[in-house]
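Undergrad: Provided below for reference: sequence and predicted model.
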Amino acid sequence: MTAVYVDADACPVKQEAERVAVRHGVTLYIVSNGGLRPSPHPLVETVIVPDGPDVADMWIAERAGAGDVVVTGDIPLAARCVENGAQVLKHNGEALTQANIGQVLATRDLMADLRAADPFRQGGGKGFTKADRSRFLDALERLVRAARKSG
């Protein structure tokens, strides 16, 4: 049975993920370490994990596998889920797959090294746009449809 897992801490597309999951009758797990208002919909499970580094990530990685969809901006979590056979989407609709996850991980590590080497280097991430939200919705819709057909 297909499920959608959302790494919910700092996730800007929780509502969109819920709309798609509910429309397709798929269980949605919203995973965080607190501070979220639970959804009243019976297909949406709010999972509150204990505080600690990467506890929500570990919860998702231990459960998500083939036929599931994971929504996360966390690249190491994405790599684990791809390895387990899950489909992974970033919040902007970009798919992380076997074909690109190695390069994405390497780029993440390089950027972390550059930031560590230059303490004056500021943020640099792009803002989240309406176009990102639209791309995400389209991509999630396609992945959930495909997962339900194959499952």
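TA: All right, it came through fine.
Undergrad: And the strands in the chain?
TA: 3-7, 27-32, 44-48, 69-71, 87-89, 95-96 (DSSP state E).
Undergrad: starting at the chain centroid, how far to the longest one?
TA: Pointing back at strand 27-32 there. Remark: strand 27-32 is offset 10 Å from the chain centroid, using Cα atoms, centre = their mean, to the nearest Å.
Undergrad: Just the mean pLDDT for that strand, thanks.
TA: Computed over strand 27-32, the mean pLDDT rounds to 97.
Undergrad: Show me what that strand is packed against.
TA: strand 3-7, helix 14-24, strand 44-48, helix 55-63 (3 or more Cβ pairs under 8 Å, 6 or more residues apart in numbering; DSSP states H and E). From N, CA and C alone the C-beta is placed, and that goes for glycine too.
Undergrad: May I see the ones you listed arranged in JSON lines, with distance to Gly73, mean pLDDT and mean neighbour count as well?
TA: Output for those, formatted as JSON lines (distance: least, Cβ to Cβ, whole Å; pLDDT from 0 to 100; neighbours: other Cβ atoms under 10 Å):
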{"stretch": "strand 3-7", "distance to Gly73": "7", "mean pLDDT": "97", "mean neighbour count": "26"}
{"stretch": "helix 14-24", "distance to Gly73": "13", "mean pLDDT": "96", "mean neighbour count": "18"}
{"stretch": "strand 44-48", "distance to Gly73": "18", "mean pLDDT": "96", "mean neighbour count": "17"}
{"stretch": "helix 55-63", "distance to Gly73": "11", "mean pLDDT": "96", "mean neighbour count": "19"}
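Undergrad: and Val6, how far is that from Leu89?
TA: 10 Å (Cβ to Cβ, to the nearest Å).
Undergrad: Quickly list what the closest residue to Thr72 other than its chain neighbours is bridged to.
TA: Nearest in space to Thr72, with sequence neighbours left out and distances taken as Cβ to Cβ, 6 or more residues apart in numbering, is Asp7 at 3.8 Å. Under DSSP bridges, the beta-bridge partners of Asp7 are Val31.
Undergrad: for Asp7, what are its contacts?
TA: Each residue near Asp7 by Cβ atoms under 8 Å, 6 or more residues apart in numbering is listed here: Val31, Ser32, Ala56, Asp57, Ile60, Val70, Val71, Thr72, Gly73, Asp74, Leu77.
Undergrad: The fifth one and Tyr5 touch, don't they?
TA: Okay, so that is Ile60. Yes: the criterion here is Cβ atoms under 8 Å, and Ile60 meets it with Tyr5 at 4.7 Å.
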